[in-house]
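Asks: give me the fold of what follows.
(chains A, B, C and D)
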Number of protein chains: 2
Amino acid sequence: MSFLCKIVRMANEAQALNERAQLLLKTLVERYIADGQPVGSRALSKISGLDLSPASIRNVMADLEEMGFIASPHTSAGRVPTARGYRVFVDTLLTVKPLDRIEIHQLEGQLQVENTQKLVASASHVLSELTRFAGIVVTPRRASGFRHIEFLKLAEKRLLLILVTADGDVQNRIIQTEKVYSPSELVEAANFLNQKFAGCTFEEIRGRIHAELKQLREDMTQLMSAALAAGDQAVTDSAEDVVISGEVNLLGIDDLSSNMGKLRDLFNLFEHRTTLLQLLDVSSRAQGVQIFIGGEAGLQPLDECSVVTAPYEVDGKIVGTVGVIGPTRMAYERVIPIVDITAKLLSSALTQR
Amino acid sequence: MSFLCKIVRMANEAQALNERAQLLLKTLVERYIADGQPVGSRALSKISGLDLSPASIRNVMADLEEMGFIASPHTSAGRVPTARGYRVFVDTLLTVKPLDRIEIHQLEGQLQVENTQKLVASASHVLSELTRFAGIVVTPRRASGFRHIEFLKLAEKRLLLILVTADGDVQNRIIQTEKVYSPSELVEAANFLNQKFAGCTFEEIRGRIHAELKQLREDMTQLMSAALAAGDQAVTDSAEDVVISGEVNLLGIDDLSSNMGKLRDLFNLFEHRTTLLQLLDVSSRAQGVQIFIGGEAGLQPLDECSVVTAPYEVDGKIVGTVGVIGPTRMAYERVIPIVDITAKLLSSALTQR
DNA sequence: CGCCAGCACTCTCCGTGATTGAGCGCCAAT
DNA sequence: ATTGGCGCTCAATCACGGAGAGTGCTGGCG
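Replies: Numbering: from 1, shown residues only, chains lettered A, B, ... in the order given. Predicted structure coming up:
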């Protein structure tokens, strides 16, 4: 709702600018992104392509400033884009150039498809390498049910419990038993669970197990409860989590590293997974690439950062989000396609399996 | 060898100092560690406990400087300890106060014993929390052999392969098959491997499998090679790795964050696991807590850092290292027992299982 | 009405002293 | 051996001033 309003307002704002103003804003933002210095009227008049004197440029710039798209750090500096300026820029002025085939292939080659965990980790890593910012991936959420269990004897009173969930995820844990189980007892217990409960959720199992338990000898209860505990663990572990790579890259960004305090806040944010998740969950409601500029997400540590995200899907259903966190002054036209393609590659890699 | 020489030289160096000089060096280092300012003769004369005037103190300080234990950043500043000064301090002057029972219990409570991975991660986290520096743990090395395998059918041509190594580690991977295997074929293949090769290393299996393979139908070869690949993966994955937590803490240390460049080098070092491993492997050759001061380890990024490590063991055998990376100006008397106890708790947690 | 040259004004950025204060080294006296 | 005293050095801080960059405004021109 408020989201739609925002879009509309944005379009209006952009329309309020005549073509010249738009071009100049675009040129200014591009220039500022390129070299990080406030852009003055002289410079703008040279590179804009329009044949206008600095004085005329200044008039337009004054308008742009009044409308809140640009601002000057101090009287005798050039102008820099404001958050709103960036907003208009990415929404209506930006021209993204898609990655060429070679780059896509390289990117694809770097994804490690062995298992979901590695896939997610490598996607995050690839994002950080390609953009030289921090890469983030929200792990796929899944509806986990019970598929298969196995008990393996490690020592007299030590068992290895292996649990396979419906989505093919494998959990394992070592349990100390009070009683010594024979291999056949272990097989029996496993068979019981596998036959009775395959396909059920752990919730269901918990509900039914008391009734069914009579069929088994009493000394099996320890195995059962261990299995259930592992199941719960599996559910907990497969909850959404966010994987971040290349935070180090952000240390090198002078926009951010200039004031240590902010930088530390930012890194602390990275350790606060839940907060990040909330932000990224929003992104998974919409299709395609989304961009959060500055504090738009409502998190102060992200003041001078932008977050570029895109959801990825399995079998047509959105299951997670990939993205990049970098300084607001980033090369959006490069980052956007990278995030976009990564999301798509991740989708197809996950769907194939 | 050169290591022994060093120890001996150190002892000599300490002996070359008379009692007064030792006390003053100790006081100076303690004071410097406490507030990070160069310590002047006036301050030292006040807090040393000795009843000496600043002028006398200055004489001693001049001697200490000549011997290379302290240095002054510039003419009109006090003195700060050099790396050698710290060395003597921790080797012969330092008085550590052991943790009290309550702290040990708190520490123990924070370790998550569910499985090895979590245990190691939590140990690293605890170290970083307690010291407010970066915690490091080298994962236990193990001699991995084959114990058990299982094939589980996920879909027509998709299998889940579960591999248990001798040390109870579980590997799993999804494989796409060309042929559709029946459940009984999968059981047959698993049984074949489990009976023939239980207890072998993957090397041995690779050697023997060609000979033994004739006994099985030809279409089993894909399963076998997949199993071997997973085995190799298991060996690779269970190779030593180092887990680091709380790097963020180092951002707050003003000794380090004063020059960004170094800080970045340091963080890059953290991403270079192999380099760190080499350093930490050294530590696992000796018993008890070891301390590397400044660049002693031969790594420039650690210029202004110290590394405090201690090996941990399973069944009396050293299998890994825990430690802390922080600024050279750290409260050694606090950090040393923390690292020491963590190593011991980790040892006992791993031995119990 | 749009454009533009010119001019005064405002700030930041540096470099240059001048001042202050901490701390040392040396020396002569005890 | 210890100590008080003296002169010296050097970092840190501040004030001042000029240079440079860029703006806003005004008045003139097509």
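
Asks: what about residue A:197, neighbour count?
Replies: Using other C-beta atoms under 10 Å in any protein chain shown, the number of residues around residue A:197 comes to 22. From N, CA and C alone the C-beta is placed, and that goes for glycine too.

Asks: let me know the pLDDT of it.
Replies: Predicted confidence (pLDDT) for residue A:197: 88.

Asks: buried ones in stretch A:259-273?
Replies: Within stretch A:259-273, the residues scored as buried using 16 or more other C-beta atoms under 10 Å in any protein chain shown are A:260, A:262-267, A:269-270.

Asks: residue A:341 contacts residue A:101, correct?
Replies: No: assessed by C-beta atoms under 8 Å, residue A:341 is found out of contact with residue A:101, at 10.9 Å.

Asks: who has more neighbours out of the two?
Replies: Legend: neighbour count by other C-beta under 10 Å for residue A:341 and residue A:101, higher for residue A:341 (20 against 8).

Asks: part of a strand, is the more buried one?
Replies: No: looking at residue A:341 with DSSP: H, G, I helix; E, B strand; the rest coil, it is helix, so not inside a strand.

Asks: right, and residue A:199 touches residue A:144 too?
Replies: No: Residue A:199 is beyond contact range of residue A:144, at 11.8 Å (criterion: C-beta under 8 Å).

Asks: shared neighbours of the two, which are they?
Replies: Here residue A:199 and residue A:144 share the contacting residues residue A:166, scored by C-beta atoms under 8 Å, 6 or more residues apart in numbering or on different chains.

Asks: these two: who's more crowded?
Replies: Set side by side, residue A:199 and residue A:144 show more neighbours around residue A:144, with 20 against 9, by other C-beta under 10 Å.

Asks: which residue is the nearest non-sequential neighbour of the more buried one?
Replies: Excluding its sequence neighbours, the residue lying closest to residue A:144 (C-beta to C-beta, 6 or more residues apart in numbering or on different chains) is residue A:165, at 4.5 Å.

Asks: again with residue A:80
Replies: Spatially, and ignoring its direct neighbours in sequence, residue A:80 is nearest to residue A:38 (5.1 Å; C-beta to C-beta, 6+ apart).

Asks: next: residue A:79.
Replies: Once flanking residues are discounted, residue A:79 sits nearest to residue A:70: 4.2 Å by C-beta to C-beta, 6+ apart.

Asks: what is the burial count for that neighbour?
Replies: Look at residue A:70: counted by other C-beta under 10 Å, it has 25 neighbours.

Asks: gap between the residue nearest to residue A:144 and DNA strand D?
Replies: For residue A:165, the distance to DNA strand D equals 60 Å [C-beta to the nearest atom of the strand, to the nearest Å].

Asks: show me the beta-bridge partners of that residue.
Replies: residue A:146 (DSSP bridges).

Asks: returning to that earlier point: now the buried residues of stretch A:259-273 in TSV, with secondary structure and distance to residue B:229?
Replies: What follows is the buried residues of stretch A:259-273, written out as TSV (DSSP: H, G, I helix; E, B strand; the rest coil; distance: C-beta to C-beta, whole Å):
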residue	secondary structure	distance to residue B:229
A:260	helix	47
A:262	helix	46
A:263	helix	43
A:264	helix	44
A:265	helix	44
A:266	helix	40
A:267	helix	38
A:269	helix	39
A:270	helix	34
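
Asks: chain B next: which of those residues are close?
Replies: Filtering the buried residues of stretch A:259-273 for neighbours of chain B using C-beta under 8 Å from any C-beta of the partner chain leaves A:260, A:263-264, A:267, A:270.

Asks: can you give me the strands in the stretch 201-350 of chain A?
Replies: Taking DSSP state E, counting those that start in this stretch as the criterion, the stretch 201-350 of chain A carries its strands at A:242-245, A:290-293, A:305-314, A:317-327.

Asks: got these as a markdown table, with mean neighbour count columns?
Replies: Converted to a markdown table, those look like this (neighbours: other C-beta atoms under 10 Å in any protein chain shown):
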| stretch | mean neighbour count |
| --- | --- |
| strand A:242-245 | 20 |
| strand A:290-293 | 22 |
| strand A:305-314 | 24 |
| strand A:317-327 | 24 |
